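Student: Structure, please.
(one chain, ligands or ions: 1)
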Amino acid sequence: MEQPLDILAFGAHPDDIELCCGGTLILLANRGYRVGAADLTRGELGTRGTEEIRAKESLAASKILRVCVRENLGIPDGHIENNQENLLRVIRLLRQYRPRLVLVHHWEERHYDHVHASHLVAEACYYSGLAKIETGQESFRPFRALFYAGRVAFHPSFIVDISETFAEKMQAVRAHRSQFHRGVEEETAVEPETFISTPYALEVFETKARYYGAMIGAKFGEPFAMREAIELRDPVAFFREFPDTRLPHLFPSP
Ligand SMILES: [Zn+2]
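Tutor: Presented below is the predicted three-dimensional model:
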């Protein structure tokens with residue numbers, strides 16, 4: 001049996017993971033954890049790009065994310081239904097990779113694919129632990145599902161400091177070349193412009209990361225929500241790890 005993943009991120013479309021939790025995944029891969037990513041759809045309804053182009057871009061982005069696994073469940077874009085067939089697809093993946101933690105869209109989102117993905121994956125995490133749901137695999141339940149932010153803001157349960165990986169995260173985002181702005185010379189008039197293909201969108205992503213970073217005194221951050229409260233065994237030891245001030249970290253002496 002292959003070694004379990006420490007963390008597996010799910011996204012509705014091929015660029016969601018990079019945008020919403022890419023900095024955290026790179027940070028964890030740098031720490032030596034086994035990190036995986038799974039896209040539910042091939043993003044074929046996207047205004048720009050094709051299924052084939054998006055698959056190639058995903059591969060390039062995965063190398064930057066340094067994930068050891070990138071799967072695509074092939075659920076039709078725009079039809080992420082929370083039905084038995086799709087639940088079983090996600091359950092099979094969870095039982096195959098047995099991740100300790102799962103990341104997925106927050107349940108309140110603007111795009112309904114993201115809302116449905118959130119419910120589908122969270123439910124699959126629960127039902128995957130029931131032995132009588134048969135897939136020919138051993139039952140397995142991830143310890144926790146963590147929900148990441150897209151367009152709709154929420155009060156985070158915690159924020160990950162991604163200052164050291166923000167630049168690489170944005171490289172992984174830009175690897176989805178058909179979707180995002182590539183610079184004035186390269187931008188062709190062939191494909192229609194969308195919100196995320198404008199230079200403004202890249203500024204928005206940066207502003208968001210700076211906003212959540214500011215909430216913890218870091219340059220850049222990615223927020224996560226949990227349904228359950230976080231249990232601490234030793235609050236003194238937990239908080240000892242953090243510096244009293246972030247200033248030396250932000251402005252290191254030359
Ligand atoms: Zn999406």
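Student: show me where the protein has strands.
Tutor: 7-11, 35-39, 69-72, 101-105, 144-148, 158-161, 221-225 (DSSP state E).
Student: export those strands to a markdown table and tack on distance to Ala167, mean neighbour count and mean pLDDT?
Tutor: For glycine as for every other residue, the C-beta is placed from the backbone atoms N, C-alpha and C. Converted to a markdown table, the strands of the chain look like this (distance: least, Cβ to Cβ, whole Å; neighbours: other Cβ atoms under 10 Å; pLDDT from 0 to 100):
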| stretch | distance to Ala167 | mean neighbour count | mean pLDDT |
| --- | --- | --- | --- |
| strand 7-11 | 19 | 28 | 98 |
| strand 35-39 | 18 | 25 | 98 |
| strand 69-72 | 21 | 17 | 96 |
| strand 101-105 | 21 | 26 | 98 |
| strand 144-148 | 19 | 22 | 98 |
| strand 158-161 | 14 | 19 | 97 |
| strand 221-225 | 14 | 24 | 98 |
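Student: Looking at those strands, which is nearest to the ion?
Tutor: strand 7-11 (6.5 Å; Cβ to the ion).
Student: Could you check how far that closest one is from the centre of its chain?
Tutor: 6 Å (Cα atoms, centre = their mean, to the nearest Å).
Student: swap in stretch 138-147?
Tutor: Counting by Cα atoms, centre = their mean, stretch 138-147 comes out at 16 Å from the chain centroid.
Student: Redo the strands of the chain as CSV? Include distance to the ion.
Tutor: CSV is the format used below for the strands of the chain (distance: least, Cβ to the ion, whole Å):
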stretch, distance to the ion
strand 7-11, 7
strand 35-39, 9
strand 69-72, 13
strand 101-105, 8
strand 144-148, 12
strand 158-161, 20
strand 221-225, 16
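Student: can you map out the helices along the protein?
Tutor: 16-30, 51-65, 84-97, 112-127, 166-174, 199-215, 235-240, 247-250 (DSSP state H).
Student: Among those helices, which comes closest to His155?
Tutor: helix 199-215 (9.9 Å; Cβ to Cβ).
Student: buried residues in the closest one?
Tutor: Ala201, Leu202, Phe205, Lys208, Ala209, Tyr212, Gly213 (16 or more other Cβ atoms under 10 Å).
Student: Same question for stretch 53-61.
Tutor: Buried residues in stretch 53-61 (16+ other Cβ under 10 Å): Ile53, Arg54, Glu57, Ser58, Ala61.
Student: do the same with stretch 63-82
Tutor: Those buried within stretch 63-82 under the rule 16+ other Cβ under 10 Å are Ile64, Leu65, Val67, Val69, Arg70, Glu71, Asn72, Leu73, Ile75, Asp77, Ile80, Asn82.
Student: Columns distance to Gly129 on top of the strands of the chain, output as a markdown table?
Tutor: Listed next are the strands of the chain as a markdown table, based on distance: least, Cβ to Cβ, whole Å:
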| stretch | distance to Gly129 |
| --- | --- |
| strand 7-11 | 15 |
| strand 35-39 | 18 |
| strand 69-72 | 20 |
| strand 101-105 | 12 |
| strand 144-148 | 12 |
| strand 158-161 | 24 |
| strand 221-225 | 21 |
